[in-house]
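Peer 1: sequence plus the predicted model coming up.
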Amino acid sequence: MRQSTPTVLIPGLGASARLYAEQIPSLWCVGPVMVAQHALDESMAEIARRLLDAAPPRFALIGLSMGGYIAFEVLRQAAERVLRLGLLDTSARPDTSEQSEGRRAQIALAEAGRLAEVMDSQIPRLVHPRRVDDRPLGALLRQMADEVGAAGFVRQQRAIMGRPDSRPDLSRIRCPTLVLVGEQDALTPPARAEEMAAGIAGARLVVVPDCGHVSSLEQPQAVTRALLELLER
């Protein structure tokens, strides 16, 4: 009988557990599934410590976008506890000054009670061009942002702006690793995934066709299949 593998899922910026709603039932068949709380702290170090305090002794770790940034911090703090790693639509690079400037503008809007405006402006960048007018998908993205809330969103943005460069850590990753990206991801494009996969020994790179940044929602079956293959390695 195959040994059970617990999995810890980390959502992205402004996203809740619903980000992985399509994957959780299949992952649950492999072992216990936990979705990390990532909206209560203002630094990657604090978020990772909270995750590690709540997580099983050893686990597979999967993060999308901001979730990938947190995953790198978890590895810095406790690499020996991570059995497998899934990096979805993310990057090992730190913020550029332009990106941080944009985040500060979004923080100001969120603090002024205008988080909905932030989401309306971001959705065209989050999804494949053909999904921009997908009302159910847009409603789900807005619902998740509401669940995180303006205060949580602001804390997340501050943590993201303060994250370190994780590229020097790539060569130290020893566990089986999946790097997955939507082929049309505008926020963390395939070149960023290729960079990570090239730096991690034995990493598997998966580029999902007809897919933007929120791959777990846009192409759920392809993402679930890749994650199950990772857990079975």
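Peer 2: Received, thanks.

Peer 1: looking at the sheet around the residue nearest the centre of the chain, what are its partners?
Peer 2: Nearest to the geometric centre of the chain sits Leu64, at 1.7 Å (CA atoms, centre = their mean). Following DSSP bridges, Leu64 is listed with bridge partners Leu88.

Peer 1: which residues in this protein form strands?
Peer 2: Along the chain, counting by DSSP state E, strands occupy 7-10, 33-35, 59-64, 82-88, 177-182, 204-208.

Peer 1: out of the ones you listed, which gets nearest to Ala45?
Peer 2: With CB to CB as the measure, strand 7-10 is the member of the strands of the chain nearest Ala45 (14.5 Å). Bear in mind the C-beta positions are built from the backbone N, C-alpha and C, glycine included.

Peer 1: mean confidence score for that closest one?
Peer 2: The pLDDT scores in strand 7-10 average 98.

Peer 1: run me through the strand neighbours of it, direction for each.
Peer 2: Sheet pairing of strand 7-10 (DSSP bridges) gives strand 33-35 (parallel), strand 59-64 (parallel).

Peer 1: residue contacts, Ala203?
Peer 2: Residues counted as contacts of Ala203 (CB atoms under 8 Å, 6 or more residues apart in numbering) are 173, 177-179, 196-197.

Peer 1: phi, psi of it?
Peer 2: Ala203 adopts backbone torsions of phi -60, psi 150, taken as degrees, to the nearest 10.

Peer 1: can you give me the helices in the protein?
Peer 2: Assigned by DSSP state H, the chain shows helices spanning 24-28, 44-54, 66-78, 97-111, 115-126, 135-161, 190-199, 215-218, 220-231.

Peer 1: and stretch 202-214, how far apart are its ends?
Peer 2: Across stretch 202-214, the terminal residues are separated by 25 Å (CA to CA, to the nearest Å).

Peer 1: list the buried residues in that stretch.
Peer 2: 203-206, 208, 211-214 (16 or more other CB atoms under 10 Å).

Peer 1: surely the residue nearest to the centre of the chain meets Ser216?
Peer 2: Yes. Here Leu64 reaches Ser216: they are 6.0 Å apart, a contact under CB atoms under 8 Å.

Peer 1: which neighbours do these two share?
Peer 2: 19, 88.

Peer 1: which of the strands paired with strand 7-10 is buried the deepest?
Peer 2: Neighbour counts (mean count of other CB atoms under 10 Å) averaged over each of these peak at strand 59-64, with a mean of 27.

Peer 1: so how far is that strand from its chain's centroid?
Peer 2: Centroid separation for strand 59-64 versus its chain: 9 Å, with CA atoms, centre = their mean, to the nearest Å.
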